[in-house]
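Peer 1: Okay, here's the prediction I keep looking at, along with the sequence it came from:
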Amino acid sequence: MASQVVSELETTFANNASAWVQCFGSIKNMSAKLNPEQDVYDSNGYTTNKHWVSGPNTVFKSIMDAMFTGAYMDMYESFFLMEMDAMPVKSGWLDVFEAEATDMKTTKSAVKGSQYLGDKWDLFKHMMPDYLVDHINGNAIYNLNHTWTKFLFDSFTTNGNMMGEYAFDVAFAMISMAAEAGTDTAYAAGWATAMGDNMTYNTESNLVGNYANTLLNTSFEFPTYIRHGSHKNLFENLPDDNVTLVVAWYDYQGHFRETIPTHHPFKKILGLAYFDQMDTTEEIPAPGGNVTLTLKKATYEPYYHLCEAAKSVDTKWFALTDNYHIVKAPVSVLMETMDKPVLPYVLKDSRYCGERPNCKASMEQAEDLFSINLNYHHDKYEVLYKTADALQFCDKWDLATVGKGWGNCSLAFGPTADDYIAWKISDVNFNVSDEFVPKDKTRYGWRAWTSLWNPAPVDDRQCETNLYGVKEYLETLGNISTCTVNYVENETACVGDTTCMWRPLFESGVCLLNPKSVGLKSHSCVDAKQSMNDNATPSLVPLSCGGVRI
C-alpha cells in the first residue's frame, strides 16, 4: 500500500497534475527496509515489548544516515520530519517551515519543534522525569549543519541500550538536558564544543504543535500550522441545550458553584440535594452564556443518583457528578455524531483496574446483574447517558436487584456506568459499538468534565469487604492539587502562587502544580522506561495517582 501511494505521488509530480506540485523542487523516496522484527511500535511501552520503539528509531536512523553520509549527503541544510499523523491545519505551512529553518541558522538551533501540548499528563506531570515532560516530539525541524544535531545522533545510535529502549526524540531531550546541566561529562563536553545555549534545543515552534493522542474538538483553533495528532482524535461538540449535568449534593461543602462561570458545555445544571433544600433556580453568567442552576431535594437515596437523574432531566443527554467535584474547565462533550459520544474506559486486566478494588467490584456487579462478561470499566462520572435509554435501564436494574440491597451490602454500589453498559450489551436492541466511540484512557488524552476538590466521605457500611475506606480516602486526598482546585481558569491567581504554573489550553488554560516547587521527584507515578512516548498515558499509575469514583 505504501509503495503504491509513493508511486502515485511520483506520477502526479512528474505529470505536473496537481497544484501542490508547484510547491516542491523535486520528490524523492527511500525505504528503511524494516524486517518484521524491526517493524514494531507499541505505545504501551517497554513492559509489552522490549523492542517497542524499534520501528520509529530505525526509520529515523535511516533518514539521518542518508542525510549525513548517504544518498542525500550535503544536499540539504535542514529537514522537517513529518509523520503521517502530522496534518497541516493552516495555509502557508511550507512558508513557515522555510522561515523557521532559516531562522535556526541565526538562533543556532539544532532541533526545533513542539513539546506535548495536551493534558493527559497533568495529573502526575510533577512526578515525571523532566526529559520526558519537556522533550520535543520527533515531528520537528533538524538542522543538519549544527554540530549538536550530529552529536545527538551519534550519541544515540552508538549506545545500543539507548537505541533499543528509548524513543529517539526522548533520548535527544535526555542527552541535551544532561549536557546543559553538566550532569554527564561526555555530553557536557559535546555541548561545549557545539557552543550550546538555551536556543540549541528549541521548543518554541510556530510550525508544529504536538497533541499526539489527545482527544480534541473541531472548534479548537490550533495556534500552529501543523497539528501532530490523528484526525480520528477530532470530535464535534454536543450542543449545550442537549445536555444536563446532574450533581449529587451530599452536603453544603464544596467549590462546585465557584467553577460554574467557566468554559464548559453544561448550560443546565440540576442539583439533587440529600438534605433539606428548598427548590431554587438561578441564572449564573458564564463565557458561553448563562447557566441555569436548579436545586431541589432528592427523593431517593444517594446510591440511586444515576436513576433519579434520568427521571429528573428534560434533555436528551445527561452527565453525573457530585459536590465533591469541580468543573474541570475548559472542557467539552465530545461526539462523533450527535448520537454517538466518546466512551472512555480502562481495560479490565489493566494495572489501573487491578490496583483499585472498586473497579473490579463494579464490573463484577454489572456482570452478575446482566449475565454478561465485561472487558472494560467505565467511570460513572465520565459516561454521557442518553435519557430515554437510562430510563429503560433503571427499570431493568430495579428488576435485576429485587431481593438485593445497598444498605445490607448485597449490592456493592447503586446503579453504575458499568451496569448501564452491561445492560446495553445484554439487550439485543442495542449495539454499543454503534452508539459510542470507545477510547482507552490509558492511551488517549481524555479530559474528564469534573475533578475532585476533596474525596467523598468513606463508605461507613459494615460490609465484609470495604471498597472505599480511610486508606483509599487518604490516597485520593494526596492526589488532589490545590493549584487545580483553587485557580480554575484564573491565570492571574495561578501565576501569583509560586507552587503553581499556568499552561494555556483550549479556550483558556489550566493551573498545575509547578514541578520545580516539588523538589526531588522521589515518589513517581511512572516508570520512565515505560513512558518514553507521548502517544500513551504512562502505564504504571499507582492507586495514589488516581481517583476512586465508580
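Peer 2: Cool, got the structure.

Peer 1: all strands for the stretch 301-450 of the chain, in order.
Peer 2: 317-322, 325-327, 334-337, 340-347, 376-377, 385-386, 437-440, 450-452 (DSSP state E, counting those that start in this stretch).

Peer 1: Surely Lys380 is in contact with Thr416?
Peer 2: Yes - using C-beta atoms under 8 Å, Lys380 makes contact with Thr416 at a distance of 5.4 Å. Every residue, glycine included, has its C-beta placed from N, CA and C.

Peer 1: Mind checking which of those two has more residues around it?
Peer 2: Thr416 (28 against 23; other C-beta atoms under 10 Å).

Peer 1: returning to what we had before: make a markdown table out of the strands of the stretch 301-450 of the chain and add mean neighbour count and mean pLDDT.
Peer 2: Shown next, in a markdown table, are these (neighbours: other C-beta atoms under 10 Å; pLDDT from 0 to 100):
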| stretch | mean neighbour count | mean pLDDT |
| --- | --- | --- |
| strand 317-322 | 24 | 99 |
| strand 325-327 | 25 | 97 |
| strand 334-337 | 17 | 96 |
| strand 340-347 | 21 | 96 |
| strand 376-377 | 22 | 96 |
| strand 385-386 | 22 | 98 |
| strand 437-440 | 17 | 95 |
| strand 450-452 | 24 | 96 |
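
Peer 1: a markdown table for the ones you listed, including distance to Pro285?
Peer 2: Shown next, in a markdown table, are the strands of the stretch 301-450 of the chain (distance: least, C-beta to C-beta, whole Å):
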| stretch | distance to Pro285 |
| --- | --- |
| strand 317-322 | 21 |
| strand 325-327 | 14 |
| strand 334-337 | 25 |
| strand 340-347 | 27 |
| strand 376-377 | 37 |
| strand 385-386 | 27 |
| strand 437-440 | 33 |
| strand 450-452 | 20 |
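
Peer 1: now for the ones you listed, which one comes closest to Thr157?
Peer 2: strand 437-440 (32.6 Å; C-beta to C-beta).

Peer 1: For Lys28, see how far away Ala71 is.
Peer 2: 8 Å (C-beta to C-beta, to the nearest Å).

Peer 1: that's a strand at Gly509, yeah?
Peer 2: Yes - residue state for Gly509 (DSSP: H, G, I helix; E, B strand; the rest coil) corresponds to a strand.

Peer 1: got a list of what it touches?
Peer 2: Counting by C-beta atoms under 8 Å, 6 or more residues apart in numbering, Gly509 makes contact with Pro330, Glu489, Glu491, Trp502, Arg503.

Peer 1: Now do the residue nearest the centre of the chain against Asp169, distance only.
Peer 2: The chain has Gly445 as the residue nearest its centroid, 1.5 Å off, counting by C-alpha atoms, centre = their mean. Taking C-beta to C-beta as the measure, Gly445 and Asp169 are separated by 18 Å.

Peer 1: Same question for His325.
Peer 2: From His325 to Asp169 the distance is 36 Å (C-beta to C-beta).

Peer 1: do the same with Val53
Peer 2: Using C-beta to C-beta, Val53 is found at 10 Å from Asp169.

Peer 1: returning to what we had before: nearest to Lys105, of the contacts of Gly509?
Peer 2: Closest to Lys105, out of all of those and judged by C-beta to C-beta, is Arg503, at 30.2 Å.

Peer 1: where does that closest one fall, helix, sheet strand or coil?
Peer 2: Strictly by three-state DSSP, Arg503 counts as strand.

Peer 1: State the next helix or strand along the chain beyond the helix or strand of the chain with the lowest mean pLDDT.
Peer 2: In the chain, no helix or strand scores lower on mean pLDDT, DSSP states H and E than helix 160-165, which sits at a mean of 81. Scanning forward in sequence from helix 160-165 by DSSP states H and E, the next helix or strand is helix 168-181.

Peer 1: Output the contacting helices and strands for that following helix.
Peer 2: If contacts are counted by 3 or more C-beta pairs under 8 Å, 6 or more residues apart in numbering; DSSP states H and E, helix 168-181 sits against helix 54-68, helix 130-133, helix 147-158, helix 185-193, strand 201-202.

Peer 1: what's around Glu236, how many residues?
Peer 2: Neighbour tally, Glu236, other C-beta under 10 Å: 16.

Peer 1: typed the wrong thing, it's Lys441
Peer 2: 22.

Peer 1: quick one: the residue nearest to it when sequence neighbours are not counted from Asp368, how far?
Peer 2: Excluding its sequence neighbours, the residue lying closest to Lys441 (C-beta to C-beta, 6 or more residues apart in numbering) is Pro344, at 4.8 Å. The gap separating Pro344 from Asp368 is 23 Å, by C-beta to C-beta.

Peer 1: Stretch 226-234 spans what distance, first to last residue?
Peer 2: 14 Å (C-alpha to C-alpha, to the nearest Å).

Peer 1: Give me the buried positions along it.
Peer 2: Ile226, Arg227, His228, Gly229, Ser230, Asn233, Leu234 (16 or more other C-beta atoms under 10 Å).

Peer 1: Likewise for stretch 271-286?
Peer 2: Neighbour-count burial for stretch 271-286 [16+ other C-beta under 10 Å]: Gly271, Leu272, Ala273, Tyr274, Ala286.

Peer 1: what's the answer for stretch 486-494, then?
Peer 2: Asn486, Tyr487, Val488, Glu489, Asn490, Cys494.

Peer 1: Next one: the first one relative to Ile326, how far apart?
Peer 2: What it means is Asn486. Between Asn486 and Ile326 the distance is 10 Å, computed by C-beta to C-beta.
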